[in-house]
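K.L.:
The sequence and its predicted three-dimensional model are supplied below.
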Amino acid sequence: MGMQEPKDSQVRNFKLVFNLTTFVSLGLFVWAMCSAYKRLDIHLMLWIFIYILFAIYFVMIIKTLREQKGLKRFFTHILTLHLTPLCIAILLFVYLPDAKTTVSQSEVQKREVPEYSKPLSGRPRDYERYFNDMQDKQKAAAVANGLETFESRAEIEGKYDKLQSDNKLERIVTNSNYIVSDLTYSSPYVVPKMARLLDDIALLFQAKTQSNAKFVVTSVLRTNEDIANLKRVNGNASSDSCHCNATTVDISYVRFGQDGANEQENYLLRLALAQTLYELRKEGRCYVKIERKQYCYHITVR
C-alpha cells in the first residue's frame, strides 16, 4: 500500500496537468482561429487546423505508450507534443501574414502613379512599425485643426448648415473613393482638411492597387453622448478622444470594398493602404496609430 499511494498521486497529478493544458490549448486554438478569420487569412486557418490534428494524433500515440510503459519517461513528452503544434500555429499567426515575398510592380497593371509615390513593395509591417503616434501628439493636432466638442448628434445637425457654409465641417458619405460603414458610435462629419486628406488617401491607394478598390472608414466624429454610450461597451473609451474634434477617422486594414477578393488580393490592399499612409505621414499630412485590437488605423489630420 505504501508504494501504491505515491503512484496513484502521480497519476492524479498527471491527469490534472494534462486536462489543464488541454483546456488552455483549446482556448488558444479558438482564439487563433478567430483572429485568423478576422484577418481574412484562410491559409493560416488551415495550418492551425492541421497542427491541431497532429497534436491530437501525437497525444493518442503517447497515451497508448503510457498505458504500456507507465508515466516516468513520457510525462514530459506528452506535454511537449501536446503544446508544441499549437505554439507553432500561434507563431505562424503572428508571423505568416507579413512573411510574404516582396510584391513586384509586375503583379499590378500599368497605371500612372503620382511622382512622389513609391512602387508597391515590401510588407505591411515594414510601414506599420512607424504608426505609433500616441494620443498626446494626435490630440494636440486635433485641437489645433478641429472644432469644439459637440454634446449630441442633434447639436451637430442643428449647427451643420452654418458650419458647412463657414467651411468648418463636411459630411462624408460612401463614394467612388471610399466606403463609410454604418456608424454606431460616431457621425459622418469631418473638418474640410480631413475630407481632403481622405480623398488623397483614396486616390493614392487606388493608384497603388491599380484598381477601384475602396477602404472602409469605421469611425468618425464622436459627441459626448457617443462617448458615454461607447463606455458602456468599452471601458477604455476616452472622453478626450481626438474623434471629438472632427479631425480623426479610423480606417479598417482588413475590410475593403472588393467583392470576391482572395487572400493575396486582400494582402496587396493592406500593403497599399499601409504604404499610402506611411508616405502621407512622412509628408507631414497626418498622424497614424495602428490599433490591432480594432483592426484599424487611427488617423488624425495635421
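P.N.:
Perfect, I can see it now.

K.L.:
Run through the strands of this protein in chain order.
P.N.:
Using DSSP state E, the strands found in the chain span residues 170-171, 178-180, 189-190, 215-219, 248-256, 286-291, 296-301.

K.L.:
Which other helices and strands does the second one contact?
P.N.:
Looking back up the chat, that one is strand 178-180. Applying 3 or more CB pairs under 8 Å, 6 or more residues apart in numbering; DSSP states H and E, one finds that strand 178-180 makes contact with helix 192-209, strand 215-219. Just so you know, the C-beta spots here come from the backbone N, C-alpha and C atoms, and that holds for glycine as well.

K.L.:
follow-up on the earlier one: is it possible to get a markdown table of the strands of the chain that adds mean neighbour count, distance to Leu203 and mean pLDDT?
P.N.:
Converted to a markdown table, the strands of the chain look like this (neighbours: other CB atoms under 10 Å; distance: least, CB to CB, whole Å; pLDDT from 0 to 100):
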| stretch | mean neighbour count | distance to Leu203 | mean pLDDT |
| --- | --- | --- | --- |
| strand 170-171 | 18 | 17 | 96 |
| strand 178-180 | 20 | 10 | 95 |
| strand 189-190 | 25 | 17 | 97 |
| strand 215-219 | 23 | 12 | 95 |
| strand 248-256 | 23 | 14 | 94 |
| strand 286-291 | 21 | 15 | 96 |
| strand 296-301 | 25 | 15 | 97 |
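
K.L.:
Make a markdown table from the ones you listed and add distance to Tyr278 to it.
P.N.:
Below are the strands of the chain laid out as a markdown table (distance: least, CB to CB, whole Å):
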| stretch | distance to Tyr278 |
| --- | --- |
| strand 170-171 | 25 |
| strand 178-180 | 18 |
| strand 189-190 | 21 |
| strand 215-219 | 14 |
| strand 248-256 | 12 |
| strand 286-291 | 8 |
| strand 296-301 | 10 |
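
K.L.:
Buried deepest among the helices and strands packed on strand 178-180, which one?
P.N.:
strand 215-219 (a mean of 23; mean count of other CB atoms under 10 Å).

K.L.:
tell me the angle of that strand relative to helix 192-209?
P.N.:
Strand 215-219 runs at 150 degrees relative to helix 192-209, counting by axes from the mean of the first three to the mean of the last three CA atoms, to 10 degrees.

K.L.:
in its sheet, what does strand 215-219 sit against?
P.N.:
strand 178-180 (parallel), strand 248-256 (antiparallel) (DSSP bridges).

K.L.:
and that strand with strand 296-301, angle?
P.N.:
Using the same axes, to 10 degrees: strand 215-219 against strand 296-301 is 80 degrees.

K.L.:
Go ahead and name everything in contact with strand 215-219.
P.N.:
172, 178-181, 183, 185-186, 188, 198, 201-202, 205, 243, 249-252, 255-257, 269, 273, 294, 296 (CB atoms under 8 Å, 6 or more residues apart in numbering).

K.L.:
As PDB, could you dump the C-alpha coordinates of it?
P.N.:
These are the backbone C-alpha positions of strand 215-219, laid out as PDB (Å, rounded to 0.1, in the frame of the first residue of the first chain):
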ATOM      1  CA  PHE A 215     -11.000  51.200 -48.000                       C
ATOM      2  CA  VAL A 216     -13.600  51.400 -45.200                       C
ATOM      3  CA  VAL A 217     -14.000  54.200 -42.700                       C
ATOM      4  CA  THR A 218     -15.300  52.700 -39.500                       C
ATOM      5  CA  SER A 219     -15.400  55.700 -37.000                       C
END
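
K.L.:
Would you quantify the distance from Glu283 to Asp200?
P.N.:
From Glu283 across to Asp200, the span is 10 Å (CB to CB, to the nearest Å).
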